[in-house]
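Asks: my questions concern the predicted model and sequence given below.
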Amino acid sequence: MTLMNFPTVYSVTEAEINLDKLLEEITLTSSGAAAIFTGVVRGVTKRGEERRTAYLEYEAYVPMAEAKMKQVADEIRERWNSVEGIAIVQRIGKLYPKTPTILIACTAAHRDTGVFEAARYGIDRLKEIVPIWKKEVGENGETWIEGEYIPASGD
Amino acid sequence: MNQIKILFFASIRDKVGTKSAEMNIPNGMTVSQLKEKLGEQYPQLKDALKSTLVSVNREYAFDDAFIPADAELALFPPVSGG
């Protein structure tokens, strides 16, 4: 097998996430499938006690966040050698309901190659180790949302 | 002595009241010793320190790790991106 130069793009940005541009960057002529996950700001939360969110304010430790995004991409490639391109982009700043905040996309030759699982792994792992935080602002004031995962050696 | 830079993020920054601090620490200090020192300097941090994550030069660092010279540290709560 020839060693291909598979594209990996990752960034923390205040700009709007441009799906078409990212997809173009991670699609090769051999790609036939792209699995895309995007998270959006939820205006009304019904799980648990119902609450309304005015906006979320995201911040990041940018250089470490980008290094950890690269690590997540490397981990995806270790687990799914079918994956061709990977994009991981987190938008930060003040973001209102219905706005996309995160995008994780993986491309592969075919859809049955684990590409869905690869994208799923990417978002789950990002929520564990990439240093980004959000503050929720709503009817009950401001609350920092904190994750539950405690990193261990190797994270 | 070792001069280090410490960055604070999210709820930890709110508690400390500043984004970063410079600090002189003895050579060979560990992460847990630094946490103890920070708890004395910023008493309002004491309760949060148990669940506070620490990075050294942009990698997660654990209690027994020694802090190298001129390190950039960061203290922050468990992450919540996405």
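Replies: Happy to help now that I have it.

Asks: tell me the SS of residue 73?
Replies: Just going to use chain A. Each residue gets one of three states, and residue A:73 gets helix by DSSP: H, G, I helix; E, B strand; the rest coil.

Asks: endpoints of stretch A:131-146, how far apart?
Replies: Terminal residues of stretch A:131-146 lie 11 Å apart, using C-alpha to C-alpha, to the nearest Å.

Asks: next, the buried residues of it.
Replies: When burial is assessed from 16 or more other C-beta atoms under 10 Å in any protein chain shown, stretch A:131-146 yields the following buried residues: A:131-136, A:138, A:145. For the C-beta atoms, the positions are set from N, CA and C on the backbone; glycine is no exception.

Asks: can that stretch be found next to chain B?
Replies: Yes. Using C-beta under 8 Å from any C-beta of the partner chain, stretch A:131-146 reaches chain B at A:131-135, A:144-146.

Asks: got these as CSV, with distance to residue B:53 columns?
Replies: Listed next are the residues of stretch A:131-146 next to chain B as CSV, based on distance: C-beta to C-beta, whole Å:
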residue, distance to residue B:53
A:131, 8
A:132, 13
A:133, 11
A:134, 16
A:135, 17
A:144, 14
A:145, 15
A:146, 10
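
Asks: pull the most distant pair out of the residues you listed.
Replies: A:131 and A:135 (14.7 Å; C-beta to C-beta).

Asks: that older thread, show me which pair in the buried residues of stretch A:131-146 is furthest apart.
Replies: A:131 and A:138 (23.8 Å).
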